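Q: sequence first, then the predicted structure:
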Amino acid sequence: MLGGMFLKEFGAMNLDFSNPNHKPQSVHFSAPAVFPRSVSQKTLKTSIGCTGVGLHSGWRVGLKLHPAAANTGIVFRRVDLIGGGTEIPARWNSVTDSRLCTVIADERGVSVATVEHLMAAFYGMGVDNALVEVNGPEVPAMDGSSWPFMFLMECAGLVELQAPRKALRIRKPKSFTNGTKRVSFTPSQGELRIDFEIDFKAAAIGRQVCSFGVTSETFKTEISRARTFGLLSEVTALREAGLARGGSLENAIVVDGDRILNDAGLRHANEFVRHKVLDAIGDLYLCGHPIIGHFSGTCSSHADTSRLMQQVLADPQGWDMIDVYDDTPAAVWHEAQPLAAMA
């Protein structure tokens, strides 16, 4: 470390010990020339899997994450069906239901539900391409957050691919309002920014607000561990509708008025609104690229985000695709003229 500091401060000395009349000449280095580096697409280094219970189906489901080639995107494959080869791209034009979770399906109606927590983990890890195999109709809930999926990807490792990463940049404001629910996108610089507000009658939740610039670090430390939640008063109605059959205190926060029924309590004081941010990130990644824009949600749902993104993508003048560059480029030192030549 000291040697490096010495070179940058005083320059390198050219010495010829065989010549007693030699006068040393300093060669200095100029200030660093900064060159932004294009970010490459990433995929998993190796395959990895887990098992868990589907939050809404209640089925025991196996999940495997596999590497995929550049420009593949995230693709889900149902391997429990006859033939075992049905593939569903994780894109907005595959979304078929967004009541309490996001469901994607192919043209024949073969579907995978509750993809948003896994998609949010892919976004937070910067994974552009992966094949997701599931042997059931739903992604397992795990603990109700994105953290277990991030842990899987960290264990598998990531590799760069020989293709540049692209981002979808918001160019024009768009919004969608549904009663008291509202979502919007406006242009911003450098990253995805999310503001979210919720307001529940249940006293244990109440009104909560948060705002994040979504980087890999902030996603991991501030968002990824926020769990899905539900009201005890709604559980019966949800199960009669065929939903929340696998929900439990192991994979969701359950609220009863002013009480939180989970023995361990909350991971964040405002964990509820943080999970809404997590959901939004997972849903937004169905555009297939990281987003540069400012997203705002007020008491909104998966369905509202879906309607907003349909508006955004339907207007070719409202967005464009750009290469992603590293915001902390390496400095390159250039050799300058010797001091004698500069005198």
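A: Cool, the structure landed.

Q: now the strands for the stretch 201-343 of the chain?
A: Along the stretch 201-343 of the chain, the stretches classed as strands by DSSP state E, counting those that start in this stretch are 207-214, 229-231, 253-256, 259-260, 291-298, 319-323, 331-332, 335-338.

Q: just say which of those strands is most tucked in.
A: strand 291-298 (a mean of 22; mean count of other C-beta atoms under 10 Å). Quick note: C-beta positions are derived from backbone N, CA and C, even for glycine.

Q: give me the mean pLDDT for that one.
A: Average pLDDT, strand 291-298: 98.

Q: tell me the angle it makes with strand 319-323.
A: Orientation check (axes from the mean of the first three to the mean of the last three C-alpha atoms, to 10 degrees): strand 291-298 against strand 319-323 gives 130 degrees.

Q: so what are the sheet partners of strand 291-298 and their directions?
A: Strand partners for strand 291-298, identified by DSSP bridges, are recorded as strand 166-170 (parallel), strand 181-186 (antiparallel), strand 192-199 (parallel).

Q: how far off centre is the first one?
A: Its chain's C-alpha centre and that of strand 166-170 lie 14 Å apart, by C-alpha atoms, centre = their mean, to the nearest Å.

Q: before we move on, what about the second one?
A: For strand 181-186, the gap between its own C-alpha mean and the chain's C-alpha mean amounts to 19 Å (C-alpha atoms, centre = their mean).

Q: alpha carbons of it, as CSV, please.
A: The C-alpha coordinates for strand 181-186 follow below in CSV (Å, rounded to 0.1, in the frame of the first residue of the first chain):
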residue,chain,number,x,y,z
LYS,A,181,-54.8,3.0,-5.3
ARG,A,182,-52.3,4.8,-7.5
VAL,A,183,-49.0,3.8,-9.3
SER,A,184,-46.8,6.0,-11.4
PHE,A,185,-43.5,6.1,-13.3
THR,A,186,-41.4,9.2,-13.9
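
Q: would you format the strands of the stretch 201-343 of the chain as CSV with distance to residue 221 included?
A: Formatted as CSV, the strands of the stretch 201-343 of the chain follow (distance: least, C-beta to C-beta, whole Å):
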stretch, distance to residue 221
strand 207-214, 10
strand 229-231, 20
strand 253-256, 19
strand 259-260, 22
strand 291-298, 20
strand 319-323, 27
strand 331-332, 27
strand 335-338, 41
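
Q: just give me the lowest mean pLDDT stretch among those.
A: Least confidently modelled of those is strand 335-338, at a mean of 45 by mean pLDDT.

Q: follow-up on the earlier one: and the strands paired with strand 291-298 as JSON lines, adding mean neighbour count, distance to residue 40 and mean pLDDT?
A: Formatted as JSON lines, these follow (neighbours: other C-beta atoms under 10 Å; distance: least, C-beta to C-beta, whole Å; pLDDT from 0 to 100):
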{"stretch": "strand 166-170", "mean neighbour count": "19", "distance to residue 40": "11", "mean pLDDT": "98"}
{"stretch": "strand 181-186", "mean neighbour count": "19", "distance to residue 40": "27", "mean pLDDT": "98"}
{"stretch": "strand 192-199", "mean neighbour count": "19", "distance to residue 40": "19", "mean pLDDT": "98"}
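
Q: helix or strand with the lowest mean pLDDT in this structure?
A: helix 2-10 (a mean of 36; mean pLDDT, DSSP states H and E).

Q: circling back: now render the strands paired with strand 291-298 as a markdown table, adding distance to residue 99.
A: As requested, those are exported to a markdown table (distance: least, C-beta to C-beta, whole Å):
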| stretch | distance to residue 99 |
| --- | --- |
| strand 166-170 | 26 |
| strand 181-186 | 14 |
| strand 192-199 | 17 |
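
Q: among those, which is nearest residue 310?
A: With C-beta to C-beta, the closest approach to residue 310 among the strands paired with strand 291-298 belongs to strand 181-186: 11.3 Å.

Q: among the strands paired with strand 291-298, which comes closest to residue 43?
A: Nearest of these to residue 43, taken as C-beta to C-beta: strand 166-170 at 15.0 Å.

Q: next secondary structure after the closest one?
A: strand 174-178 (DSSP states H and E).

Q: which helices and strands does that following strand pack with?
A: strand 181-186, helix 302-314 (3 or more C-beta pairs under 8 Å, 6 or more residues apart in numbering; DSSP states H and E).

Q: mind listing what it pairs with, with the direction of each?
A: Short version: by DSSP bridges, strand 174-178 pairs with strand 181-186 (antiparallel).

Q: which residues touch the strand it pairs with?
A: Strand 181-186 is contacted from outside by 170, 173-176, 293-301, 304-305, 307-308, 312, using C-beta atoms under 8 Å, 6 or more residues apart in numbering.

Q: alright, that wraps it up for me.
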